[in-house]
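Participant: The amino acid sequence is not available; the structure is as follows:
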């Protein structure tokens, strides 16, 4: 199995950054262009996918959806450990536009060609190129993956060393999206597990220190998406893996468009949901009312149970949502919101009670002015005695009132 040649492959790594007002200008200066889709693709999307999803992820320039920019590249890098040259096809960036958020999230992906490689070689690349600090060779110079991207692909746009929330979520590793097509196939579950968890090929079987327990392996593979016999998908937090036979061909327009653009966009969409929810839950204590407003707008704009009129895109979408535990994150943030709402109501109620108490005390303290006529009627001439008795009585009444309020509260 180690030496099995892969017929066709899509391999992308994905990272995150915050985009600013000048980001589009920098992209255009760096030879990025707005990504356009063919008329046939647009018609297909309109006929098969919900309009809300299409308008977000496949919007046309100038509309209010995600802005997608792409730059074609013809760079060759060398992976020294296996002495293989890898061609980089393009870099694409997704700019999410949400005016209710202070910081705007962007996701970028780098598309690599892994032609005429064996499973073992692709496994090594799958593990290595997701590491920010992995050393590659470009133009006869050794350089880390993150520095290569920053200096050569995203000039002027920083995605690391900024100490912000999006980089804390992303960490020091990229997310991977990989589609492998080859035959004959054996032990597809083992390969799904190994590529999905960035393990060595054939490490999931056997009895070495690198071998997973059966319980863990079963748990991971419970996220498998299986609709047809010729391929299966495994969606995990840090990867999306497809392994099949006669499922994907780079030269076939339909299968390439489906896996390279449409299904890939479903993965990007859910990555955005996941990172937004993680950041919200992590930063919730900072200006909770603003976070509440942000979540409500986010939920209204992005949350949906289905995205298509067809079963397969929905199966992929639901499978990714399940594996990333997005519904659990939604429930957690909603619980926090409900708790916050109760706390806000209680605080407002206490403020109202205090205001009423102050008004009541002021009204009581003004009573002597209104009962001056009573003193004359009952014939009390000594003002000192009258005022002392009146105010002492009023103070006793106020104290009894306050004590009764406190006792009711506790």
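Facilitator: Looks like it arrived, so ask away. Note that the structure is predicted; figures quoted are calculated from it, not measured.
Participant: ok, residue 279 touching residue 166?
Facilitator: Yes: using CB atoms under 8 Å, residue 279 makes contact with residue 166 at a distance of 6.9 Å. Using the backbone N, CA and C atoms, a C-beta is placed for each residue, glycine as well.
Participant: isn't residue 187 right next to residue 205, touching?
Facilitator: Yes: here residue 187 lies in contact with residue 205, judged by CB under 8 Å, at a distance of 7.5 Å.
Participant: which residue packs closest to residue 188, ignoring adjacent ones?
Facilitator: The shortest distance from residue 188 to any non-neighbouring residue, by CB to CB, 6 or more residues apart in numbering, is to residue 243 (5.6 Å).
Participant: how many neighbours does the one you found have?
Facilitator: Counted by other CB atoms under 10 Å, the residues lying close to residue 243 total 26.
Participant: For it, pull up the helix or strand it's in.
Facilitator: Element membership of residue 243, judged by DSSP states H and E, is strand 239-244.
Participant: Please compute how far that strand lies from its chain's middle.
Facilitator: Distance, stretch centre to chain centre, for strand 239-244: 20 Å (CA atoms, centre = their mean, to the nearest Å).
Participant: in the next helix or strand after it, what's buried?
Facilitator: Remark: after strand 239-244, the chain's next helix or strand is helix 253-257, criterion DSSP H and E. Using 16 or more other CB atoms under 10 Å as the test for burial, helix 253-257 gives 255-257.
Participant: of those residues, closest to residue 101?
Facilitator: For the buried residues of helix 253-257, the minimum distance to residue 101 (CB to CB) is 30.9 Å, reached by residue 257.
Participant: what's the pLDDT at the closest one?
Facilitator: Residue 257 is assigned a pLDDT of 94 by the prediction.
Participant: just checking, it touches residue 41?
Facilitator: Yes: using CB under 8 Å, residue 257 makes contact with residue 41 at a distance of 6.2 Å.
Participant: where's residue 155, which helix or strand?
Facilitator: Using DSSP H and E, no helix or strand contains residue 155.
Participant: dump the residue contacts of it.
Facilitator: The contact partners of residue 155, by CB atoms under 8 Å, 6 or more residues apart in numbering, come to 26, 30.
Participant: Mind doing that once more with 7 Å?
Facilitator: By CB atoms under 7 Å, 6 or more residues apart in numbering, residue 155 lies in contact with residue 30.
Participant: How about residue 226?
Facilitator: For residue 226, the contact set (CB under 7 Å, 6+ apart) comprises residue 232.
Participant: before we move on, what about residue 18?
Facilitator: Applying CB under 7 Å, 6+ apart to residue 18 gives the contacts 103-106, 164, 166.
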